[in-house]
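Trainee: The following block contains a protein sequence and its predicted model.
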Amino acid sequence: MQLPNPLKSPSLVQKLHWVSDPIGYMENAAQQYPDIFTGEIVGFGDTVVFVNQPQAIQEILTNDRKKFTAVGELNGILKPLLGDYSVLMLEGDRHKRQRQLVTPSFHGERMQAYGQLICNASEKIFSQLPLNKPFFARDLTKEISLQVILQAIFGFYEGEKIQKLRQLLPSFLQLFESPLTSSLFLFSFLQQDLGVWSPWGKFLRIREKIDQFLYTEIVECKQQRDPKRTDILSLLISCRDEAGQPMTDQELRDQLITLILAGYDTTATAMAWGLYWIHKKPLVREKLLQELDTLGDSPDPISISRLPYLTAICNETLRIYPVTMFSFPRVVQEPLELLGHPLDAGTILIPSIYLTHHREDLYPQSKEFKPERFIEHQFSPYEFLPFGGGVRRCMGEALALFEIKLALATIVSHYDLMLVNRRPEQPQRRGFNLAPSSGVKMVMIG
């Protein structure tokens, strides 16, 4: 059966374009075929159907586990990073079980506890900046994000023990910073251990050290069993499934690394984009400061997170360059029709978050940063989906949004910053995410 709107360029050309410039690849295709097209990319089974029409996305995400299914093995390119038991690798009942065990960590009272930590970390890290000396905002937001995720997962982020992990994680993630090294995951033939200086050899050695840390932490936490501990690791260790079974050490390790990697770099990138846009648009900054002033001198974190204009800024930041470009791939389970195109069982569909967020019929002048869109209009979860959707919607969404809002509010209200470059910041693939290519160069002014 003919797949919908196949792109004409040769498979190899498409693959190289996808790896080097995923936004250009998707935008070129959408100019020819605005709602649905078939591309030949690297990963996810190679031949995939991109969908960015909201009704079609709704059809896909509301029929999860029925007409469509999210097959964990399609994320096989992430396996060397996350392991076999990561919630991203599982499917069906095993996936449901792991989600149910992990989700409570990101809600209710736990959020209150994270609130003060986020504000304190943001203030402390920016207070150490010298005046008039350029810095990269993304380096600092990564430091905030790392403190928050380590505190949330292990219950601590200071001390000798954690220093080891704090050094390992950034060097681990740095391996995916350039399009070249991140292609290690896209092309399995590059995964050759040629010693400590080879990219893959370096990755394996750092991963081993991180695993050592995680397994030691798991064993210690099990031995000490402190009922007063409220961190995610303690919660996961005490969890039992319907059969009364706890998670194995390997399952715990894979969930921890998934949570660390999913919650660290993505949130830091979104915060850096937020700082960029707020300082790129003086009126936006002014309006935000006026709104923050309405809360008085020492507002509580929950009140800050409910501010409508701050929320609109965060939403528009996540709309214009969503950190994750597409939702989890889905596989068609039975022959069906989508947007008038017949699809066979086994067809792989990718809901494109980026293309949906840039549909001119939904977001006129989509390349313009306009937080007001989110004040004037309520978008459906199939029109605005920065955290994906369906049964695979990001579990850490509530904590990520909370963190982005509080960090931006704290930084903007306490410090006078300025962008160093007049040139627009361009998005660039950083591993699996879309990050600002130059890291958002700023300066603190007196």
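Mentor: That came through, no problem.
Trainee: going forward, measure contacts between C-alpha atoms and count neighbours the same way
Mentor: Fine.
Trainee: Regarding the chain, what is its longest helix?
Mentor: Longest helix of the chain, by residue count under DSSP state H: helix 249-280.
Trainee: Quick one: mean pLDDT for that one?
Mentor: Helix 249-280 shows a mean pLDDT of 91.
Trainee: so where do the strands sit in the stretch 51-200 of the chain?
Mentor: Along the stretch 51-200 of the chain, counting by DSSP state E, counting those that start in this stretch, strands occupy 68-69, 135-136.
Trainee: So which elements touch the last one?
Mentor: The criterion is 3 or more C-alpha pairs under 8 Å, 6 or more residues apart in numbering; DSSP states H and E, and the helices and strands that strand 135-136 contacts are strand 441-444.
Trainee: Residue 40 bridge partners, please.
Mentor: Beta-bridge partners for residue 40, by DSSP bridges, are residue 47.
Trainee: Contact partners for it?
Mentor: Residue 40 makes contact with 11, 14, 15, 46, 47, 48 under the criterion C-alpha atoms under 8 Å, 6 or more residues apart in numbering.
Trainee: what does residue 355 give?
Mentor: By C-alpha under 8 Å, 6+ apart, residue 355 lies in contact with 26, 27, 30, 52.
Trainee: Mind doing that once more with 10 Å?
Mentor: Shown in contact with residue 355 (C-alpha atoms under 10 Å, 6 or more residues apart in numbering): 23, 26-27, 30, 34-35, 50-53, 319-320, 322, 325-326.
Trainee: out of those, who's nearest residue 337?
Mentor: Relative to residue 337, the closest of the contacts of residue 355 is residue 51; by C-alpha to C-alpha it sits at 13.0 Å.
Trainee: Does that closest one touch residue 61 like I think?
Mentor: No. Taking contacts as C-alpha atoms under 10 Å, residue 51 lies outside contact range of residue 61: 11.6 Å.
Trainee: Which neighbours do these two have in common?
Mentor: In contact with both residue 51 and residue 61: residue 351, using C-alpha under 10 Å, 6+ apart.
Trainee: Out of the strands of the stretch 51-200 of the chain, which is the most enclosed?
Mentor: strand 68-69 (a mean of 23; mean count of other C-alpha atoms under 10 Å).
Trainee: which ones are touching the residue positioned nearest the centre of the chain?
Mentor: With distances taken as C-alpha atoms, centre = their mean, residue 266 lies nearest the centre of the chain, 3.8 Å away. The contact partners of residue 266, taken as C-alpha under 10 Å, 6+ apart, are 142, 145, 322, 323, 324, 400, 432, 433, 434, 435.
Trainee: Of those, which belong to strands?
Mentor: Judged by DSSP state E, strands contain the following of the contacts of residue 266: 433, 434, 435.
Trainee: tilt between the very next helix or strand once past the longest helix of the chain and helix 249-280?
Mentor: Remark: after helix 249-280, the chain's next helix or strand is helix 282-293, criterion DSSP states H and E. Here helix 282-293 points in a direction 110 degrees away from that of helix 249-280 (axes from the mean of the first three to the mean of the last three C-alpha atoms, to 10 degrees).
Trainee: which helices and strands does helix 282-293 pack with?
Mentor: helix 249-280, helix 301-305, helix 308-320, helix 397-414 (3 or more C-alpha pairs under 10 Å, 6 or more residues apart in numbering; DSSP states H and E).
Trainee: how about the last one: buried residues?
Mentor: Of all the residues in helix 397-414, those buried under the rule 16 or more other C-alpha atoms under 10 Å are 397, 399-412.
Trainee: can you give me the angle that helix makes with helix 282-293?
Mentor: Going by the same axes, to 10 degrees, helix 397-414 makes 100 degrees with helix 282-293.
Trainee: surely residue 234 meets residue 226?
Mentor: Yes. Using C-alpha under 10 Å, residue 234 is in contact with residue 226, at 8.2 Å.
Trainee: which of those two has more neighbours?
Mentor: For residue 234 versus residue 226, the count of surrounding residues by other C-alpha atoms under 10 Å is larger for residue 234: 21 against 10.
Trainee: gap between the residue nearest to residue 404 when sequence neighbours are not counted and residue 230?
Mentor: Spatial nearest neighbour of residue 404, chain neighbours left out: residue 271 (5.5 Å); criterion: C-alpha to C-alpha, 6 or more residues apart in numbering. Distance, residue 271 to residue 230, using C-alpha to C-alpha, to the nearest Å: 26 Å.
Trainee: Compare those two (neighbour count), which wins?
Mentor: Between residue 271 and residue 230, counted using other C-alpha under 10 Å, the more crowded position is residue 271 (29 against 17).
Trainee: Which one of the strands of the stretch 51-200 of the chain has the poorest average confidence?
Mentor: It's strand 68-69: among those, that one has the lowest mean pLDDT, namely a mean of 86.
Trainee: ok, residues contacting it?
Mentor: By C-alpha under 10 Å, 6+ apart, the residues outside strand 68-69 that reach it are 59-63, 91-92, 328-334, 345-349, 391.
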